[in-house]
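> Predicted model and sequence below, questions to follow.
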Amino acid sequence: MAPLLKVENLRIELATRAGVAPVIDNLNLELAHGESISFVGESGCGKSMTALAIMGLLPEGIGRVASGSIQFDGEELTTASPRRLRQIRGNEISMIFQEPMTSLNPVYTVGEQIAEVLRAHQGLGQKAAWAQAIELLDAVQIPNPKSRVEAYPFQMSGGQRQRVMIAIALACTPKILIADEPTTALDVTVQAQIFDLLRDLRAQTGTSIIMITHDMGAVAEMSERMIVMYAGRKAEEGPVDQVITHARHPYTSGLISCVPHIMANLTEERHDLTEVPGIVPGLSEFGQDLCLFAPRCPRASDKCLSARPPDVPFGSARSSACWHAEDL
Amino acid sequence: MSEQTVDAPVARARSPLSEAWEMFRHNHSAMLGLALLSLIVLAAILGPMLYQTDPFDMVWAPFSPPGEEGFLLGTDYLGRDLLSQILHGARVTLIIGLSAAIVTVVIGVTVGALAGFYGGIIEEMLMRFTEFFQVLPTLLFSMVIVALFGASLPMITFAIGIVSWTAVARITRSEFQRVRELEYVMASRASGATNAKLMFQVILPNALPPIIVQSALMVGSAILFEAGLSFLGLTDPNVVSWGQIIGSNRQYILEAGFTVTIPGLAIFITVLAISLVGDGLNDALNPKLRKR
Amino acid sequence: MTDLLDVHNLTVRFGVRRKGGMFARQTYLTAVDDISFTVRKGETLAIVGESGSGKTTAALAIARLVSGVTSGKVELEGRDILPLDRDDLKDMRQKVQVIFQDPYSSLNPRKRAEDIVREPLDSLTDKSDPEKREIVDQLFKAVGLRPEQKRLFPHQFSGGQRQRIGIARALSTQPEVIICDEPVSALDVAVQAQILNLLRRLQAEYGLTYLFISHDLGVVQHMCDSVAVMYMGKIVEHADRMSLFNKPLHPYTEALLSAVPSVDPRLRENARRILIPGDPPDPLNLPKGCRFASRCPVAAPECRESAPSLDAVTPSHRVACHLVEGETSPLATLSAS
């Protein structure tokens, strides 16, 4: 079956004061029907920018698709008309954000906001949309949906607001749901609830999910496949379990081992955490013909500083953009 | 161990102020405003020294149009040289504008800072006090003050200041409330800073940008206010200001329009220049715009 | 080892004004409700909890940084610090310093890095200028910053470097206790490791005592010697590191632990994921019984009637739950039956 989403050689340029920088540099990825993948990396690595490009929401006048293609269900999105993109957004691809407080409009009730989406995209009437809004609130497990539908965003907790955002995103049963750090602003117990909900909804509707996160634990819980991004490029790609047990890129292993993970059977001994020294380079350094991770990499060699490593495939599902990938 | 794996040269220290200037410098309309304003200020300072005709001397026939007999801007209803009046008036006008803005800022910042810093009952009282001044009809109230206490320059300045400080107080209070909650204020407290130090050395410098912008615009509106008062005749007849020139010539607006238009234009250009500078400051001091 | 910090029945209340202007009615929000614990010298006590649990308020109250109706005692080296003022307070502030959460808002943008680091020295000590310079130089080295960076302003540093400046500031007066208020939660994952390692190295080097506030159980597990879990202003469980993570007793602690997403596939398959439904109760209208009862999977009628007290199960393990019997958690009892 053809992939639902296919991104090929995508290059996105961002105009900065210092000049034009490639925030996304030659990115390739595929997303199958019903699949859940994660984009992982530190902030400033281009995860969110990729999502915005797929949504056709690059910051106007600042970011643009310089080359490459984004195909959704066989349709090219980079050349689609703004009108067509508006139809696709919300209807077939929708998105939820990190901060559920600021992504809801504070002057309308949550019911009005859900119904609005249904009226605009599905042409439902006032009454039908309202009834559907109540059903959606029920689907995202908000207690007493009939009365909560009249609540304003500030009357709800952070977790409930994120549920409302999910209800809005799923209102038109989209084929792809992009979740940009959906639980970063929430407490862990609420995060667990939201993950649970997303898993349930995915099983019911068959929606593909793209999750953007920096938390390897969340990736392991939510996705089958992950794409590790660094400085606008794909560092590594593969099935989550395989990548976590045997990373083929030093950045991936750094991301996994620098975080103190909860251990099943805790022992007295404690080691220093593995550090990934330094920070993600600034936009002005993107796009050079070398491995951008080399300055932070324990295995960096002369080769890493002289040419950009290509995506080396490992088997059918994995790849790594590292000159030393074979040895890892 | 350390974050620098490559020993890159250390960047030059750049204070937030120097970055703001950098931003301002690249703003064309703001720089135009600044150039205009500098020109006006220079004219106000040097003009009367270089062009020594007394603004109160009757030098020629009344209402002679600009250019006649070497009087560049013509003469007014008493035959006085308009150019000289504009140059001398510039000083007075700018001084009134500036000092009224200073009165505004002193009262406004004090009230706003106390209210914003302490909160609670102090804030309630001070804000009620502010609201009292806010609901007074400004022009009427200042007319009453000038009428009661005499139309001397300091009294006019005070009258303008006393009716327009409320905006500054409100801005200062909201900025103080915002900055007060930031962690570096608590960090200073943990470092043993006293309340006075927190207010004036920690919070105030960080609350200043919008206050500066507001005060710059305040100079412009004080000039307009003074023009309004002078137009109504509430002015010191022994000094020339632009508003006073308009006020005294207003009966002859139909016969000799230029006697009113020229000082009017002077006010217009000055206030415009101040607004441009104010807007430029607003952009330059706004950290959100500086990022990219 | 001796107890350095001894907190007895600490309670912090804030006046909350209901709408209605000048003559509004005042109600009180009890952010921290009658908590007690001790911290030994050179150790790290972590206070864990979700937002609204009162963990940060408790820590800031100990640093005398919140104004609230506060009762109880906070003894530092045997001396109650809550009633102190002026000179005594200065002395106390030298001994208790804070590392703040957000490295972007915790540094005054108008001050140079060196001035930020020496601010506590200026306000709290009588050291001479050359002495202070010397200390600042040493601190820059200790936290991994270069001396040439002293003159820079905060916005010229990255998030991790800013947090290093914050750490240097906290170290400047050679404090006994450092309160770390979520010191890494605003940082990128790779930078978190750098800062956590630095904190542990400094602790070993200077014999520091940390009160470590965090919501991240992985970080807590890595950093702490003992842990207090807070929920809605109360400590629900307090134990040494091994007991708390290997044998949690309170249902809330267990739920919290099981909610953390894990990369360890074994942990994921074995774990009984305990989903606790709903949201915490309204802090202005707390239930009279156990505050966790409304979300607790094993709540019994008695839980809604009376609030449990924090009782010792073993000398190093205290828990506040009616249903804990001996050393078995109520959830384990439930799944066994």
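Alright, I've got the coordinates.

> And the residue nearest the centre of the chain?
Using chain A. residue A:212 (2.6 Å; C-alpha atoms, centre = their mean).

> Can you look at chain C instead?
Nearest to the geometric centre of chain C sits residue C:213, at 2.3 Å (C-alpha atoms, centre = their mean).

> Alongside chain B, which residues does the stretch 201-328 of chain A contribute?
When proximity is defined by C-beta under 8 Å from any C-beta of the partner chain, the stretch 201-328 of chain A lies next to chain B at A:275, A:277, A:278, A:279, A:295, A:296. In this view, the C-beta of every residue, glycine as well, is placed from N, C-alpha and C.

> how about the nearest residue to the last one, chain neighbours excluded?
Same thing as residue A:296. Here the nearest residue to residue A:296 in space, its sequence neighbours aside, is residue A:278; by C-beta to C-beta, 6 or more residues apart in numbering or on different chains that works out to 4.4 Å.

> Also the fourth one?
Nearest non-adjacent residue to residue A:279, counting by C-beta to C-beta, 6+ apart: residue C:158, 5.0 Å away.

> Tell me who's in contact with the closest residue to residue A:39 other than its chain neighbours.
If the residues on either side of it in the chain are set aside, residue A:39 comes closest to residue A:47, at 4.2 Å by C-beta to C-beta, 6+ apart. The neighbourhood of residue A:47, defined by C-beta atoms under 8 Å, 6 or more residues apart in numbering or on different chains, consists of A:39, A:40, A:41, A:180, A:212, A:229.

> try 7 Å this time
Counting by C-beta atoms under 7 Å, 6 or more residues apart in numbering or on different chains, residue A:47 makes contact with A:39, A:41, A:212, A:229.

> of all the residues you listed, which comes closest to chain B?
When the contacts of residue A:47 are ranked by distance to chain B (C-beta to the nearest C-beta), residue A:41 comes first, at 18.3 Å.

> Look up the closest residue to the closest one, ignoring the ones flanking it.
residue A:229 (4.1 Å).

> and if you look at residue A:69?
The spatial neighbour of residue A:69 that comes closest, neighbours along the chain excluded (C-beta to C-beta, 6+ apart), is residue A:8 at 5.0 Å.

> Next up, the contacts around the one you found.
Taking C-beta under 7 Å, 6+ apart as the test, what residue A:8 contacts is A:28, A:68, A:69.

> Tell me how many other residues crowd residue A:158.
As a burial measure, residue A:158 scores 18 neighbours (other C-beta atoms under 10 Å in any protein chain shown).

> how close does the closest residue to it other than its chain neighbours get to chain B?
Distances taken as C-beta to C-beta, 6+ apart put residue A:186 closest to residue A:158, at 5.5 Å, once the chain neighbours are dropped. Separation of residue A:186 from chain B (C-beta to the nearest C-beta, to the nearest Å): 22 Å.

> So for residue C:266, what's the pLDDT?
At residue C:266, the predicted lDDT confidence score is 65.

> do residue A:285 as well
In this model, residue A:285 carries a pLDDT of 89.

> count of residues packed around it?
13.

> any idea how far residue A:230 is from it?
According to C-beta to C-beta, to the nearest Å, residue A:285 and residue A:230 sit 12 Å apart.

> With respect to residue A:91, which of the residues of the stretch 201-328 of chain A next to chain B is nearest?
Minimum distance to residue A:91 across those is 38.8 Å, recorded for residue A:279 (C-beta to C-beta).

> from what I can see the closest one touches residue C:162, true?
No - with contacts defined as C-beta atoms under 7 Å, residue A:279 does not count as touching residue C:162, sitting 11.5 Å away.

> Report the secondary structure state of residue A:71.
Per DSSP: H, G, I helix; E, B strand; the rest coil, the secondary structure class of residue A:71 is strand.

> Nearest residue to it in space, please, no chain neighbours.
The shortest distance from residue A:71 to any residue that is not its chain neighbour, by C-beta to C-beta, 6+ apart, is 4.4 Å, and that residue is residue A:6.

> now do residue C:219
Using C-beta to C-beta, 6+ apart and skipping residues adjacent in sequence, the residue nearest residue C:219 is residue A:260, 5.6 Å away.

> From residue B:210, how far out is the one you found?
Between residue A:260 and residue B:210 the distance, using C-beta to C-beta, works out to 42 Å.

> again with residue C:121
Counting by C-beta to C-beta, the separation of residue C:121 from residue B:210 is 32 Å.

> cool, and residue B:136?
Relative to residue B:210, residue B:136 is positioned 24 Å away (C-beta to C-beta).

> of the two, who's got more company?
For residue B:136 against residue B:210, the residue with the higher neighbour count under other C-beta under 10 Å is residue B:210, and the figures read 18 against 14.

> Tell me the pLDDT of residue B:34.
At residue B:34, the model reports a pLDDT of 93.

> By neighbour count, which of the contacts of residue A:47 wins?
Neighbour count (other C-beta under 10 Å) singles out residue A:41 as the most crowded of the contacts of residue A:47, with 28 neighbours.

> that older thread, for the residue nearest to residue A:41, I want the exact helix or strand it lies within.
If you go by DSSP states H and E, residue A:229 is part of strand A:225-230.

> any idea of the mean pLDDT for that strand?
For strand A:225-230, the per-residue pLDDT values average out at 95.

> Okay, now the sheet partners of it, with direction.
Each strand pairing with strand A:225-230, determined using DSSP bridges, is listed with its direction: strand A:36-40 (parallel), strand A:233-239 (antiparallel).

> Dump these into TSV; add mean pLDDT and distance to residue B:232 as well.
Shown next, in TSV, are the strands paired with strand A:225-230 (pLDDT from 0 to 100; distance: least, C-beta to C-beta, whole Å):
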stretch	mean pLDDT	distance to residue B:232
strand A:36-40	95	68
strand A:233-239	95	70
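
> Can you lay out the ones you listed as CSV showing distance to residue C:202?
Shown next, in CSV, are those (distance: least, C-beta to C-beta, whole Å):
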stretch, distance to residue C:202
strand A:36-40, 30
strand A:233-239, 32
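
> Nearest to residue B:194, out of those?
Of all these, the one in closest proximity to residue B:194, counting by C-beta to C-beta, is strand A:36-40 (47.6 Å).

> Now do the closest one: distance to the chain's middle.
Strand A:36-40 sits 6 Å away from the centroid of its parent chain (C-alpha atoms, centre = their mean, to the nearest Å).

> Check stretch A:11-25 too.
In terms of C-alpha atoms, centre = their mean, the centre of stretch A:11-25 is found 20 Å from the chain centre.

> what residues does it touch?
The list of residues contacting stretch A:11-25 from outside it, by C-beta under 7 Å, 6+ apart, reads A:10, A:26, A:46, A:49-50, A:53, A:58, A:62-68, A:232-233, A:283-284, A:286-287, B:292.

> just for chain C, where's the confidence low?
Low-confidence regions of chain C, defined by pLDDT under 70, span residues C:1, C:17-25, C:69, C:265-272, C:336-337.

> Can you check the pLDDT for the residue nearest to residue A:69?
Each residue has a pLDDT score; the one for residue A:8 is 94.

> For the stretch 1-150 of chain A, which residues are neighbours of chain B?
By the rule C-beta under 7 Å from any C-beta of the partner chain, the part of the stretch 1-150 of chain A lying against chain B is A:16, A:17.

> Now the residue of the stretch 1-150 of chain A found nearest chain B: phi and psi?
Relative to chain B, the nearest point of the stretch 1-150 of chain A is residue A:17 (5.8 Å; C-beta to the nearest C-beta). Residue A:17 adopts backbone torsions of phi -60, psi -30, taken as degrees, to the nearest 10.

> and it, how many neighbours?
Other residues lying near residue A:17 total 9 when counted by other C-beta under 10 Å.

> now swap in residue B:270 and tell me
Applying other C-beta under 10 Å, I find that residue B:270 has 24 neighbouring residues.

> quick one, what contacts it?
Contacts for residue B:270 were tallied using C-beta under 7 Å, 6+ apart; they are B:40, B:223.
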